[in-house]
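S.K.: Just to be clear, the model below is a prediction. Sequence and coordinates:
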Amino acid sequence: MSKLSLSKEKIKVVLLEGVHPLAEELFRKDGYNNVHYLKDSPEPEALKELLSDAHILGIRSRTFLTDEILSACDKLMAIGTFCIGTNQINLEVAKKQGIPVFNAPFSNTRSVAELVLAEIIFLMRGIPQKNAAAHRGEWQKTASNSYEIRNKKLGIVGFGHIGSQLGVLAESMGMQVYFYDIENKLPMGNAKDLESLEQLLSEVDVLSLHVPSTPETHNMIGKKQLQKMKPNSYLINAARGDVVVIEDLIDALESGHIQGAALDVFPEEPGSNQEPFTSEVKNFDQVIITPHIGGSTQEAQVNIANEVANKLIKYSNNGSTSSAVNFPQVSLPELVEGRSRIMHIHENKPGVLEKVNHVFSALGMNISALHLQTEGEIGYVILDVNGTDVDDLKNNLEQIDGTVRVRILHGS
Ligand code: NAI
């Protein structure tokens, strides 16, 4: 256990945008009772006011933490995004202010894999067309172009967290799984690792994309790649909208070369549920369209709340920054009773550490454990010392040119 130099009751935790209530529960359970939970995100001026004395902030994707907002957050020590993305935050500014940002990159991956598995079954049975026809009053009772997924070949592009889970699920239903990844990936189950995307395209009955959006994956599946796919095959994109050239997919659907598709992501998506969705794919009954909800399940929300709240609590309680997206990463052991932990965030420039060492030796203090990590312009050094009388130490460290922030914990 450790005790913060600033008591938990005094640490102001602000949770915005109605993050899952479990997050608040976890903070309170750990002794953080000064929690402000808001259903929405205030306008910039009110936000600045709210955050002016906040220590920990949790947001989702609609709170934009600009340079201006962050500059008004003097006391802020950590930010958690209760979602996957972090581009709503000026990460560089946060880093320079000594604020690590945590997110939940993999909490919803199972949800995506499950949706895709269902889509494979629906596409291969021609359900989207039959469903659309029935809604119009047509009865299409036929077995033509309707297949089981057993023994069919699934191709996965990007065998990461989602791709590999999908592979395991699909194999358990009797599919033969093939994948292509730019990295060397351990094949799960009987999945076969192919050497090129081209090989994969011509081999499989269903192709599912699970790559990030990068310059290499931008327009990765266009006319040339679609032509290489087997006639009457299917395409699923639950990755990012810019991975597929939509116009080329439409041509392939019109010609029947691609028999059906499932799209969860689009090059242009409405900014909110109030805006209309416009896309030419709406004209095709054989396309399953979902509004970027691959990862949107209750279970994923709970996982996200758990992951992000625990990362914030851990950072506050013991200084660990493992998996922070903008910060030097350190995984720290529990602080031993009778010791103090000094966490010094500084500009990563020559001479700072020497001055830190000098402060300790001038006060005759012996360092029992030391951890150091740097990332770009920021350095994070953690020093455990015997004893709990460290006020002078803190004051002297704060005087060092290049110091961004000093925090103290006491082992108890
Ligand atoms: P991940 O990072 O675990 O896996 C991505 C894999 O793609 C890695 O193995 C990587 O080596 C591989 N890769 C990268 N560039 C490649 C290339 N040019 N060719 C072949 N392989 C390449 O990511 P994760 O969590 O599996 O997510 C995959 C995608 O799913 C991401 O784009 C993510 O944004 C998207 N996603 C979509 C959601 C939705 O709601 N539809 C929810 C969650 C994630």
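M.R.: Sure, I can see it. Residues are numbered from 1 along each chain as shown.
S.K.: For the nearest residue in space to residue 15 that is not next to it in sequence, name its beta-bridge partners.
M.R.: Using CB to CB, 6 or more residues apart in numbering and skipping the chain neighbours, the partner closest in space to residue 15 is residue 58 (4.3 Å). For the C-beta atoms, the positions are set from N, CA and C on the backbone; glycine is no exception. In this entry, residue 58 is beta-bridged to residue 15, residue 80, by DSSP bridges.
S.K.: quick one: contacts for residue 58?
M.R.: The contact partners of residue 58, by CB atoms under 8 Å, 6 or more residues apart in numbering, come to 13-16, 19, 23, 79-82, 308-309, 312.
S.K.: Redo the residues you listed as CSV? Include pLDDT and neighbour count.
M.R.: Converted to CSV, those look like this (pLDDT from 0 to 100; neighbours: other CB atoms under 10 Å):
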residue, pLDDT, neighbour count
13, 98, 26
14, 98, 24
15, 98, 26
16, 97, 22
19, 94, 24
23, 98, 27
79, 98, 30
80, 98, 30
81, 96, 27
82, 94, 25
308, 97, 25
309, 98, 29
312, 98, 27
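S.K.: The lengthiest helix in the chain - contacts with which helices or strands?
M.R.: Longest helix in the chain by number of residues (criterion: DSSP state H): helix 298-318. When contacts are defined as 3 or more CB pairs under 8 Å, 6 or more residues apart in numbering; DSSP states H and E, helix 298-318 sits against strand 2-4, helix 22-29, strand 56-59, strand 78-81, strand 101-102, helix 109-125.
S.K.: Look up the closest residue to the residue of the chain found nearest the ligand, ignoring the ones flanking it.
M.R.: Relative to the ligand, the nearest point of the chain is residue 160 (1.7 Å; CB to the nearest ligand atom). Distances taken as CB to CB, 6+ apart place residue 210 nearest to residue 160, at 6.3 Å, with adjacent residues excluded.
S.K.: Hmm, the one you found is touching residue 155, no?
M.R.: No. Using CB atoms under 8 Å, residue 210 makes no contact with residue 155, being 10.7 Å away.
S.K.: that's a strand at residue 371, yeah?
M.R.: Yes. Per DSSP: H, G, I helix; E, B strand; the rest coil, residue 371 lies within a strand segment.
S.K.: ok, the nearest residue to it once chain neighbours are set aside - contacts?
M.R.: Spatial nearest neighbour of residue 371, chain neighbours left out: residue 382 (4.4 Å); criterion: CB to CB, 6+ apart. Going by CB under 8 Å, 6+ apart, residue 382 touches 319, 330, 332, 341-344, 369-372.
S.K.: gap between the residue of the chain closest to the ligand and residue 179?
M.R.: 10 Å (CB to CB, to the nearest Å).
S.K.: next one: residue 192
M.R.: Relative to residue 179, residue 192 is positioned 7 Å away (CB to CB).
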